[in-house]
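Chemist: Here is my input, please return the structure:
(chains A and B)
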Number of protein chains: 2
Amino acid sequence: MNATEPRRHTDAGAAQAARARYRAGAVEPTSGIAPGFTQANMIVLPRDWAYDFLLYAQRNPKPCPVLDVTDAGSATTVLAPGADLRTDLPLYRIWRDGKLAEETADATAAWREHSDLVAFLIGCSFTFETALVEAGIEVRHMADRSNVPMYLTDRPCRPAGRLRGNMVVSMRPIPASRVADAATISGRFPAVHGAPVHVGDPALIGIRDLARPDFGDPVRVEPGELPVFWACGVTPQAAVMASDVPFAITHAPGHMFITDVPDSAYHA
Amino acid sequence: MNATEPRRHTDAGAAQAARARYRAGAVEPTSGIAPGFTQANMIVLPRDWAYDFLLYAQRNPKPCPVLDVTDAGSATTVLAPGADLRTDLPLYRIWRDGKLAEETADATAAWREHSDLVAFLIGCSFTFETALVEAGIEVRHMADRSNVPMYLTDRPCRPAGRLRGNMVVSMRPIPASRVADAATISGRFPAVHGAPVHVGDPALIGIRDLARPDFGDPVRVEPGELPVFWACGVTPQAAVMASDVPFAITHAPGHMFITDVPDSAYHA
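Modeler: From the prediction side, this is the model:
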């Protein structure tokens, strides 16, 4: 009865192989890599900030669905027992006083600066992209082999302790006739952002120019397609900036942690 | 797009009336009271213990689905803006050093002992009982006007910080032909414990005698019925006992906080 740990894939070879390549120094966006394995956003904070962040996530579950939290000082997770969170993501960002200080493929040195770091692994919309593709819905940034476009909106998250900030969204152009299907399919994955938060006019959520995403790469929107927006796990990075958090390590947008957990584990 | 607060009922009169009665001193189990309004378990801890508990809940979402967390020092919740968490539950338990010290209908004096208390409101299986009854499934303790029977199992929760303990379950006898329906219907409410964690033989989860519940009242199990077990929001009280928590205020089992949020808000 007592599934307190997520169901891991019995053969996680593709996920392990990807992580091994990133550990060896390879850098790439992870959309489409190791299909079928759940990918996760990451934010790492000193223990003193961990309660504020866990509460921020609880109060904003759509952008910040928590998949696992490490014990303070540990760089391992039940989502992938053999993995090392300091090295096994393709690209990291180091934040100091709310500002991006560095991008690096290896966070080991930064991780050494604090003895009590807590890593939060947060659901990622890449998890339902395989299901979209299987339903015949093209995922544009996968088809174009680019990074998904992400935008900072004008919609505030509910604050928690010292943390505040606006929601970040990812965008996929979807043919008008398939918007309902895309909403239904992604809605079956509530632990990885679930259904879209907005469909259509970007200006209504404070996005000025679709061609200039705040994170990731722009993608084509073809005639007959609508831009569809999902809550995004880069939202914690917006909170780091808006709240002047003294120290944080995160993944670089689009460069996720690939777990050993099958996407189906998060299918409602 | 930005539903960071739960959808509250436009006419929460029945919930408000019940809370007013409890505030005035009435004591009763709340199953069947103000039908259609979500009920919640409560555990209140000093800020120093809040991170451990929020992490415990994140790691054990089936017994501990968090609906809201108050700001430290506050006794109000977005789930029912007019409510006072110190007085508006019918019965409280005060815990000292992991032991039940007192039951009281008014927690105001205990609440005054710490200036930084954090209240956690946790989903309750009473929320899907209305849906079971509407499907023609008798809920025995409602029919018999008693408190739901609850049992401490031998199944450990995943520990977090200083907190550990076994899962508590509630039990409802269900006719064999309706067990699947009861599982399906409750499974549509994942934020309030969701589908059962066990069906049938109580001994398999460490329950010795169905006639002697650890909390609440025993109920009849008729021929042709199976005992069906759901994860229960009394699990935090088991953790308080197992972990020698210095100070906590909780609801008394079965005596819940009635919110202004309709049950349908937690329907997946």
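
Chemist: what helix or strand does the closest residue to A:Ala50 other than its chain neighbours sit in?
Modeler: Spatial nearest neighbour of A:Ala50, excluding adjacent residues (Cβ to Cβ, 6 or more residues apart in numbering or on different chains): A:Val118 at 4.2 Å. In short, each C-beta sits where N, CA and C put it, glycine included. Assigned by DSSP states H and E, A:Val118 belongs to strand A:117-123.

Chemist: residues in contact with that strand?
Modeler: The contact list for strand A:117-123 (Cβ atoms under 8 Å, 6 or more residues apart in numbering or on different chains) reads A:38, A:40-47, A:50, A:53-54, A:57, A:64-75, A:77, A:79, A:85, A:111, A:189, A:191-193, A:233, A:236, A:249, A:257, A:259, A:266.

Chemist: On the three-state scheme, the residue nearest to A:Pro190 when sequence neighbours are not counted is what?
Modeler: Leaving aside its sequence neighbours, A:Pro190 sits nearest to A:Ala268 (Cβ to Cβ, 6+ apart; 5.5 Å). With DSSP: H, G, I helix; E, B strand; the rest coil as the basis, A:Ala268 sits in coil.

Chemist: I'd say A:Ala268 and A:Ser186 touch.
Modeler: No: judged on Cβ atoms under 8 Å, A:Ala268 makes no contact with A:Ser186 at a distance of 10.9 Å.

Chemist: Just the strands from the stretch 51-200 of chain A, written as ranges.
Modeler: A:66-69, A:92-96, A:99-104, A:117-123, A:150-156, A:166-175, A:198-199 (DSSP state E, counting those that start in this stretch).

Chemist: deepest of the ones you listed, which one?
Modeler: Each of these was scored by mean neighbour count; the highest is strand A:117-123, a mean of 26, by mean count of other Cβ atoms under 10 Å in any protein chain shown.

Chemist: So what are the sheet partners of that strand and their directions?
Modeler: Using DSSP bridges, strand A:117-123 pairs in its sheet with strand A:37-46 (antiparallel), strand A:66-69 (antiparallel).

Chemist: Quick one: those strands as TSV, columns for mean pLDDT too.
Modeler: Below are those laid out as TSV (pLDDT from 0 to 100):
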stretch	mean pLDDT
strand A:37-46	96
strand A:66-69	96
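
Chemist: The ones you listed into JSON lines, with extra columns for distance to B:Asp217?
Modeler: Shown next, in JSON lines, are these (distance: least, Cβ to Cβ, whole Å):
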{"stretch": "strand A:37-46", "distance to B:Asp217": "42"}
{"stretch": "strand A:66-69", "distance to B:Asp217": "36"}
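
Chemist: ranking these by burial, who's on top?
Modeler: When those are compared using mean count of other Cβ under 10 Å, strand A:37-46 is most buried, at a mean of 27.

Chemist: Output that one as CSV, nothing but the C-alphas.
Modeler: The C-alpha trace of strand A:37-46 is given here as CSV (Å, rounded to 0.1, in the frame of the first residue of the first chain):
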residue,chain,number,x,y,z
PHE,A,37,11.6,9.6,-18.5
THR,A,38,10.4,12.4,-16.3
GLN,A,39,12.5,15.6,-16.4
ALA,A,40,12.8,18.0,-13.5
ASN,A,41,13.6,21.6,-12.8
MET,A,42,16.0,22.2,-9.9
ILE,A,43,16.5,24.9,-7.3
VAL,A,44,19.1,24.5,-4.5
LEU,A,45,19.0,26.8,-1.5
PRO,A,46,20.7,27.0,1.9
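
Chemist: all helices for the stretch 1-150 of chain A, in order.
Modeler: In the stretch 1-150 of chain A, the helices defined using DSSP state H, counting those that start in this stretch lie at A:13-23, A:47-59, A:108-111, A:126-134, A:140-143.
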